[in-house]
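A.B. asks: predicted model and sequence below, questions to follow.
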Amino acid sequence: MKFVFGCDDVGGARGERPLGWFRKLVDWLDAMHIPGTFFWVPKPGGRPADPDGPWMQAIRPAREHGHDFQLHGLTHHCLEFGVPQESIRRHNPRLFEDYEREKEKWDGEHTVPALEKRFAEGIQIYERAFGERPLIFRAPCLGMCANAYAAMSQHGLAFSSSRSVNPDATGYVLTRKPELVPPWHGDYDGMPYEAAPGVTEIPLVEDLAIGGFASEDLNLMLDLFKTELRRYLDGLPEGAFGVFSSHYQAIGKQFDLTTRLYERLFEWLAGQGVSEWTTLRAALR
Ligand SMILES: [Zn+2]
């Protein structure tokens, strides 16, 4: 079975430190012979990405080396493409409170025409940076809605990976609330499904390490990932591929610890039949 190493938020932060994290991660992926699929923010903080800026200078050689870059929102506001799936409320209630407080404003921004405009701008900035159209979209904070899928359909953007199979696991790692102790119940199984005419949603395994973790929790993290991935693998149809997700900044902040976790996890995955790592673009070709 093939697996995709997804990594979010590239291009989303300014300064040397995030660039250093990204370069270090690319070096590690190269050493592991894993091509990454990076979800790139086209208009971070409201400023369109500079096609000749430091991020693109770091991204270009990685892309030439086989790493994939796809579209991650527009400005990366968590509500810009919809409200996250309900389960995220358990560990991030603030997002939902923000939406409720300004419901009228956000509902106005979540109409098909408003979302179409947002997609058009993101695609245009992406094309300027990469010289081709994006193939896959991931909503920031997995904030997605039916109208966003409809707007994608209008733009001929055929794939989204914006729904997660294991929200309770992340909730447990981030909050340690005993009521979220596994076994948990995901909102989605791993099966890709048609979210709008011509748009396929490919659910992902959520990033349990997004908030970092203590070194003494390495084995706990490994066990949680294994349980979740085993369930995910069991749900995937014959011939399908899996989508792992991560965040470059979370990896960068605890590089040695997080890569040690991933190395042990990927070795275990190989034993479960994951024989090849590929990019989303290559897997969907
Ligand atoms: Zn993100």
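C.D. replies: Arrived safely. As the structure is a computational prediction, the values presented were derived from the model and not from experiment. Numbering: from 1, shown residues only.

A.B. asks: helices along the stretch 51-200 of the chain, start to end?
C.D. replies: Along the stretch 51-200 of the chain, counting by DSSP state H, counting those that start in this stretch, helices occupy 54-64, 93-101, 103-109, 112-130, 146-155, 167-175.

A.B. asks: wait, Y172 sits on L224?
C.D. replies: Yes: applying Cβ atoms under 8 Å, one finds Y172 in contact with L224, separated by 7.4 Å. Quick note: C-beta positions are derived from backbone N, CA and C, even for glycine.

A.B. asks: report the buried residues of stretch 39-58.
C.D. replies: Neighbour-count burial for stretch 39-58, counted by 16 or more other Cβ atoms under 10 Å, picks out F39, W40, V41, P42, K43, P44, P48, A49, W55, M56, A58.

A.B. asks: cool, and stretch 264-276?
C.D. replies: In stretch 264-276, counting by 16+ other Cβ under 10 Å, buried: R264, L265, F266, L269, V274.

A.B. asks: need the helix or strand of this protein with the lowest average pLDDT.
C.D. replies: Here the helix or strand of the chain ranked lowest by mean pLDDT, DSSP states H and E is helix 167-175, holding a mean of 80.

A.B. asks: for that one, enumerate the helices and strands it packs against.
C.D. replies: helix 218-235 (3 or more Cβ pairs under 8 Å, 6 or more residues apart in numbering; DSSP states H and E).

A.B. asks: contacting residues around the helix it packs on?
C.D. replies: Here helix 218-235 makes contact (Cβ atoms under 8 Å, 6 or more residues apart in numbering) with 1, 165-166, 169, 172-173, 182-183, 186, 189-191, 205, 208-209, 213, 242, 257, 260-261, 264-265, 268-269, 272-274.

A.B. asks: buried subset of the residues you listed as a ChimeraX selection?
C.D. replies: Listed next is the ChimeraX selection for buried residues among these, using 16+ other Cβ under 10 Å:
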select :165,166,169,172,173,186,190,205,208,209,213,242,257,261,264,265,269,274
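
A.B. asks: quick one: mean pLDDT over the longest strand anywhere in the chain.
C.D. replies: As assigned by DSSP state E, the longest strand anywhere in the chain is strand 2-10. Averaged across strand 2-10, pLDDT comes to 98.

A.B. asks: may I have that strand as CSV, with CA atoms only?
C.D. replies: Extracted in CSV, the C-alpha atoms of strand 2-10 (Å, rounded to 0.1, in the frame of the first residue of the first chain):
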residue,chain,number,x,y,z
LYS,A,2,1.1,3.6,-0.8
PHE,A,3,1.1,6.3,1.8
VAL,A,4,1.4,10.1,1.5
PHE,A,5,3.3,12.3,4.0
GLY,A,6,1.3,15.5,4.2
CYS,A,7,2.6,18.6,5.9
ASP,A,8,0.7,21.8,6.4
ASP,A,9,1.3,25.5,6.7
VAL,A,10,4.4,25.9,4.5
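
A.B. asks: got the angle for that strand vs helix 54-64?
C.D. replies: Relative orientation of strand 2-10 versus helix 54-64 (axes from the mean of the first three to the mean of the last three Cα atoms, to 10 degrees): 170 degrees.

A.B. asks: can you list the buried residues in strand 2-10?
C.D. replies: Neighbour counts using 16+ other Cβ under 10 Å place F3, V4, F5, G6, C7, D8, D9, V10 of strand 2-10 among the buried residues.

A.B. asks: rewinding a little: which of the buried residues of stretch 39-58 sits closest to A146?
C.D. replies: For those, the residue nearest A146 by Cβ to Cβ is F39; the value is 21.2 Å.
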